[in-house]
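Q: sequence? don't have it. structure:
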Ligand code: SF4
């Protein structure tokens with residue numbers, strides 16, 4: 001289980017989440033920030049500070065959000 005950064009981050013990229021993550025698992029990509037699903041400890045700290053509510057828990061993802069988990073896995077080289 002992990003948290004996933006979704007559509008609202010694109011074009012926003014506030015980055016507040018990076019500062020609060022206790023395990024430093026959020027990195028900036030070209031069009032959005034990404035959470036490393038293998039390092040995230042599901043603490044929820046990032047959800048609270050995101051100004052555009054872009055972060056969702058994996059089990060709360062809508063079908064549209066699932067592509068963002070795949071995108072994050074690709075970003076971290078976890079999936080082709
Ligand atoms: Fe980091 Fe916690 Fe957010 Fe996971 S849930 S990305 S560990 S702040």
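A: Thanks, I have it. From a predicted model like this one, the values you see are computed outputs, not experimental measurements.
Q: For this structure, what lies in contact range of the ligand?
A: By CB under 6 Å from any ligand atom, the residues of the chain that approach the ligand are 3, 20-21, 23, 25-26, 35, 40-46. C-betas here are computed from N, CA, C, even on glycine.
Q: what separates residue 48 from residue 38, distance-wise?
A: For residue 48, the distance to residue 38 equals 22 Å [CB to CB, to the nearest Å].
Q: Equivalent analysis for residue 57, please.
A: In terms of CB to CB, residue 57 sits 16 Å off from residue 38.
Q: and the helix ranked longest in the chain, which residues are buried?
A: In the chain, with assignment by DSSP state H, the single longest helix is helix 63-75. For helix 63-75, the neighbour count (16 or more other CB atoms under 10 Å) marks 65, 68-69, 71-73, 75 as buried.
Q: for stretch 24-38, same thing?
A: 25-26, 32-37.
Q: which of the residues you listed lies closest to residue 11?
A: Nearest to residue 11 among these, counting by CB to CB, is residue 32 at 8.5 Å.
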